[in-house]
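Asker: sequence unknown, structure follows:
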(Lines give C-alpha, C1' and ligand atoms only; values in the text may rest on other atoms or scores of the structure.)
Protein backbone atom coordinates (compact mmCIF):
# COMPACT_ATOMS: atom_id res chain seq x y z
CA UNK A 1 0.00 0.00 0.00
CA UNK A 2 1.05 3.54 -0.68
CA UNK A 3 2.09 5.44 2.37
CA UNK A 4 2.03 9.20 2.68
CA UNK A 5 3.66 10.32 5.89
CA UNK A 6 3.30 13.74 7.43
CA UNK A 7 5.98 14.49 9.98
CA UNK A 8 3.73 15.81 12.76
CA UNK A 9 0.16 15.06 13.77
CA UNK A 10 -0.12 18.15 15.97
CA UNK A 11 1.97 21.30 15.92
CA UNK A 12 1.77 24.48 17.97
CA UNK A 13 3.66 27.56 16.81
CA UNK A 14 3.78 31.23 17.65
CA UNK A 15 2.83 34.10 15.38
CA UNK A 16 5.75 35.12 13.20
CA UNK A 17 7.58 31.80 13.39
CA UNK A 18 8.76 30.05 10.25
CA UNK A 19 7.02 26.69 10.04
CA UNK A 20 7.94 23.64 7.99
CA UNK A 21 5.43 20.88 7.31
CA UNK A 22 7.01 17.81 5.81
CA UNK A 23 5.43 15.15 3.66
CA UNK A 24 7.02 11.98 2.30
CA UNK A 25 5.53 9.36 -0.02
CA UNK A 26 7.00 5.96 -0.73
CA UNK A 27 5.52 5.02 -4.11
CA UNK A 28 7.46 7.14 -6.59
CA UNK A 29 4.45 9.32 -7.40
CA UNK A 30 5.03 12.27 -9.70
CA UNK A 31 2.28 14.43 -8.25
CA UNK A 32 2.15 15.84 -4.74
CA UNK A 33 -0.31 18.26 -3.21
CA UNK A 34 -0.90 20.35 -0.13
CA UNK A 35 -4.46 21.11 0.97
CA UNK A 36 -5.81 22.84 4.02
CA UNK A 37 -9.08 21.79 5.59
CA UNK A 38 -11.25 24.18 7.57
CA UNK A 39 -14.76 23.65 8.98
CA UNK A 40 -17.38 24.65 6.45
CA UNK A 41 -14.81 25.28 3.72
CA UNK A 42 -13.82 21.76 2.77
CA UNK A 43 -10.41 21.10 1.23
CA UNK A 44 -8.66 23.97 -0.48
CA UNK A 45 -5.56 23.52 -2.59
CA UNK A 46 -2.51 25.50 -1.52
CA UNK A 47 0.24 24.27 -3.83
CA UNK A 48 0.99 21.26 -5.97
CA UNK A 49 3.92 19.78 -7.81
CA UNK A 50 4.12 17.54 -10.86
CA UNK A 51 7.81 16.78 -10.62
CA UNK A 52 10.99 17.51 -8.73
CA UNK A 53 11.73 21.22 -8.47
CA UNK A 54 8.38 22.04 -10.06
CA UNK A 55 5.61 23.82 -8.22
CA UNK A 56 2.28 25.34 -9.10
CA UNK A 57 0.05 27.64 -7.10
CA UNK A 58 -3.29 26.34 -6.04
CA UNK A 59 -6.31 28.33 -4.97
CA UNK A 60 -4.91 29.83 -1.77
CA UNK A 61 -1.10 30.13 -2.01
CA UNK A 62 -0.76 33.44 -0.18
CA UNK A 63 1.43 33.16 2.91
CA UNK A 64 2.84 29.80 1.86
CA UNK A 65 5.70 28.44 -0.18
CA UNK A 66 6.80 24.90 -1.05
CA UNK A 67 9.92 22.94 -1.79
CA UNK A 68 10.37 19.74 -3.73
CA UNK A 69 14.06 18.87 -3.92
CA UNK A 70 13.44 15.13 -4.08
CA UNK A 71 10.61 13.23 -5.73
CA UNK A 72 9.40 11.65 -2.52
CA UNK A 73 9.36 14.77 -0.37
CA UNK A 74 7.15 17.85 -0.59
CA UNK A 75 7.49 20.51 2.07
CA UNK A 76 5.06 23.28 2.89
CA UNK A 77 6.57 26.42 4.40
CA UNK A 78 4.84 29.16 6.32
CA UNK A 79 7.33 32.01 6.13
CA UNK A 80 5.78 33.94 9.01
CA UNK A 81 2.95 32.06 10.65
CA UNK A 82 -0.24 33.94 11.40
CA UNK A 83 -3.29 32.98 13.44
CA UNK A 84 -5.42 32.63 10.30
CA UNK A 85 -3.17 29.80 9.23
CA UNK A 86 -4.40 27.67 12.10
CA UNK A 87 -5.85 24.70 10.24
CA UNK A 88 -5.60 21.03 9.34
CA UNK A 89 -3.02 20.53 6.59
CA UNK A 90 -3.31 17.51 4.35
CA UNK A 91 -0.64 16.20 2.00
CA UNK A 92 -1.48 13.90 -0.90
CA UNK A 93 0.27 12.18 -3.76
CA UNK A 94 -0.80 10.48 -6.97
CA UNK A 95 0.30 9.00 -10.23
CA UNK A 96 -0.79 11.22 -13.13
CA UNK A 97 -4.57 10.98 -13.38
CA UNK A 98 -5.03 8.37 -10.73
CA UNK A 99 -6.58 8.69 -7.30
CA UNK A 100 -5.00 10.70 -4.53
CA UNK A 101 -3.47 9.05 -1.49
CA UNK A 102 -3.59 11.22 1.61
CA UNK A 103 -1.52 11.49 4.74
CA UNK A 104 -3.12 11.62 8.19
CA UNK A 105 -2.88 15.39 8.35
CA UNK A 106 -1.13 17.92 10.57
CA UNK A 107 -3.29 20.02 12.87
CA UNK A 108 -1.42 23.31 13.15
CA UNK A 109 -2.27 25.85 15.82
CA UNK A 110 -0.72 29.30 15.58
CA UNK A 111 -0.93 31.26 18.82
CA UNK B 1 -13.92 26.62 -13.97
CA UNK B 2 -14.62 23.49 -12.05
CA UNK B 3 -16.95 23.39 -9.08
CA UNK B 4 -18.39 20.75 -6.80
CA UNK B 5 -21.40 21.38 -4.59
CA UNK B 6 -22.40 19.21 -1.68
CA UNK B 7 -25.50 20.94 -0.41
CA UNK B 8 -25.92 18.75 2.65
CA UNK B 9 -23.61 19.95 5.39
CA UNK B 10 -24.64 17.39 8.00
CA UNK B 11 -26.90 14.35 7.99
CA UNK B 12 -27.94 12.18 10.91
CA UNK B 13 -29.56 8.80 10.46
CA UNK B 14 -30.40 5.88 12.67
CA UNK B 15 -28.50 2.68 12.09
CA UNK B 16 -29.88 0.48 9.28
CA UNK B 17 -31.47 3.40 7.49
CA UNK B 18 -30.49 4.12 3.90
CA UNK B 19 -28.91 7.49 3.22
CA UNK B 20 -28.01 9.37 0.04
CA UNK B 21 -25.30 12.00 -0.15
CA UNK B 22 -25.74 14.48 -2.98
CA UNK B 23 -23.04 15.81 -5.25
CA UNK B 24 -23.53 18.27 -8.11
CA UNK B 25 -20.63 19.32 -10.28
CA UNK B 26 -19.86 21.97 -12.89
CA UNK B 27 -17.32 21.74 -15.67
CA UNK B 28 -17.07 22.74 -19.31
CA UNK B 29 -14.84 19.83 -20.17
CA UNK B 30 -16.30 16.79 -21.86
CA UNK B 31 -13.70 14.53 -20.30
CA UNK B 32 -13.54 14.54 -16.55
CA UNK B 33 -13.33 12.29 -13.53
CA UNK B 34 -15.46 12.18 -10.41
CA UNK B 35 -14.40 10.83 -7.04
CA UNK B 36 -15.76 10.12 -3.60
CA UNK B 37 -13.57 10.09 -0.50
CA UNK B 38 -14.36 9.18 3.10
CA UNK B 39 -12.71 10.93 6.04
CA UNK B 40 -13.29 8.97 9.26
CA UNK B 41 -12.61 10.53 12.67
CA UNK B 42 -8.95 9.44 12.39
CA UNK B 43 -8.53 12.14 9.74
CA UNK B 44 -7.03 10.33 6.76
CA UNK B 45 -9.06 10.58 3.57
CA UNK B 46 -9.80 7.21 2.04
CA UNK B 47 -10.57 6.76 -1.64
CA UNK B 48 -13.94 5.16 -2.40
CA UNK B 49 -14.55 5.42 -6.13
CA UNK B 50 -13.49 7.08 -9.38
CA UNK B 51 -15.76 7.50 -12.38
CA UNK B 52 -14.92 8.91 -15.78
CA UNK B 53 -17.35 11.02 -17.76
CA UNK B 54 -17.86 8.41 -20.45
CA UNK B 55 -19.04 5.73 -18.09
CA UNK B 56 -22.54 6.43 -16.83
CA UNK B 57 -23.16 2.99 -15.46
CA UNK B 58 -24.15 2.97 -11.85
CA UNK B 59 -21.84 1.13 -9.53
CA UNK B 60 -22.48 -0.97 -6.47
CA UNK B 61 -19.90 -2.11 -3.95
CA UNK B 62 -21.42 -3.93 -1.02
CA UNK B 63 -23.64 -1.47 0.84
CA UNK B 64 -22.33 1.44 -1.24
CA UNK B 65 -23.76 2.53 -4.58
CA UNK B 66 -23.20 5.49 -6.84
CA UNK B 67 -25.61 7.09 -9.28
CA UNK B 68 -23.93 9.12 -12.04
CA UNK B 69 -26.27 11.25 -14.18
CA UNK B 70 -24.68 13.57 -16.72
CA UNK B 71 -28.06 15.09 -17.58
CA UNK B 72 -28.26 16.61 -14.11
CA UNK B 73 -24.49 16.84 -13.46
CA UNK B 74 -24.87 14.73 -10.37
CA UNK B 75 -22.88 11.92 -8.80
CA UNK B 76 -24.81 10.81 -5.75
CA UNK B 77 -23.68 8.28 -3.19
CA UNK B 78 -26.04 5.95 -1.34
CA UNK B 79 -25.27 3.86 1.71
CA UNK B 80 -27.73 1.05 2.28
CA UNK B 81 -28.42 -0.22 5.78
CA UNK B 82 -26.07 2.31 7.35
CA UNK B 83 -23.80 1.34 10.22
CA UNK B 84 -22.09 3.33 12.96
CA UNK B 85 -18.75 2.77 11.21
CA UNK B 86 -20.08 4.77 8.26
CA UNK B 87 -19.96 7.91 10.40
CA UNK B 88 -17.49 10.20 8.65
CA UNK B 89 -17.15 13.23 6.45
CA UNK B 90 -17.65 12.37 2.80
CA UNK B 91 -16.16 14.42 0.01
CA UNK B 92 -17.07 14.49 -3.64
CA UNK B 93 -14.36 15.70 -6.02
CA UNK B 94 -13.86 16.51 -9.70
CA UNK B 95 -10.84 16.43 -11.94
CA UNK B 96 -11.07 17.88 -15.43
CA UNK B 97 -9.07 16.51 -18.36
CA UNK B 98 -5.33 16.63 -18.20
CA UNK B 99 -3.20 16.30 -15.14
CA UNK B 100 -5.06 18.88 -13.10
CA UNK B 101 -5.65 18.84 -9.35
CA UNK B 102 -8.84 17.59 -7.79
CA UNK B 103 -11.46 20.14 -6.85
CA UNK B 104 -13.33 19.09 -3.72
CA UNK B 105 -16.78 19.85 -2.45
CA UNK B 106 -17.12 21.12 1.11
CA UNK B 107 -18.05 17.70 2.41
CA UNK B 108 -21.05 16.14 4.11
CA UNK B 109 -20.74 15.00 7.72
CA UNK B 110 -22.70 11.79 8.21
CA UNK B 111 -23.57 10.63 11.70
CA UNK B 112 -25.05 7.18 12.10
CA UNK B 113 -26.65 6.69 15.48
CA UNK B 114 -26.98 3.27 17.05
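Answerer: Great, that's in hand. Model, not experiment: these values are computed from the prediction. Numbering: from 1, shown residues only, chains lettered A, B, ... in the order given.
Asker: tell me the contacts of the nearest residue in space to residue B:26 that is not next to it in sequence?
Answerer: Nearest non-adjacent residue to residue B:26, counting by C-beta to C-beta, 6 or more residues apart in numbering or on different chains: residue B:3, 4.2 Å away. Heads up, the C-betas are built off the backbone N, CA and C, glycines and all. With contacts defined as C-beta atoms under 8 Å, 6 or more residues apart in numbering or on different chains, residue B:3 is in contact with B:25, B:26, B:27, B:94, B:103.
Asker: Hmm, the first one is touching residue B:94, no?
Answerer: Yes. The pair residue B:25 / residue B:94 is scored as a contact, 4.8 Å apart, by C-beta atoms under 8 Å.
Asker: How about the contacts made by residue A:7?
Answerer: Residue A:7 neighbours (C-beta under 8 Å, 6+ apart): A:21, A:22, A:23, A:24, A:106.
Asker: Hmm, I typed the wrong one, I wanted residue A:109.
Answerer: Taking C-beta under 8 Å, 6+ apart as the test, what residue A:109 contacts is A:10, A:11, A:12, A:13, A:86.
Asker: Which residue, other than its chain neighbours, is closest to the residue of chain A found nearest chain B?
Answerer: Chain B sits closest to residue A:42 of chain A, with a gap of 3.6 Å, by C-beta to the nearest C-beta. Counting by C-beta to C-beta, 6+ apart, residue A:42 lies nearest to residue B:106, which is 3.6 Å off, once chain neighbours are set aside.
Asker: so what pLDDT did the nearest residue to residue B:1 once chain neighbours are set aside get?
Answerer: For residue B:1, the nearest residue in space outside its immediate sequence neighbours is residue B:26; the separation is 7.5 Å by C-beta to C-beta, 6+ apart. pLDDT recorded at residue B:26 is 95.
Asker: what's the burial count for residue B:26?
Answerer: Other residues near residue B:26 number 12, with proximity taken as other C-beta atoms under 10 Å in any protein chain shown.
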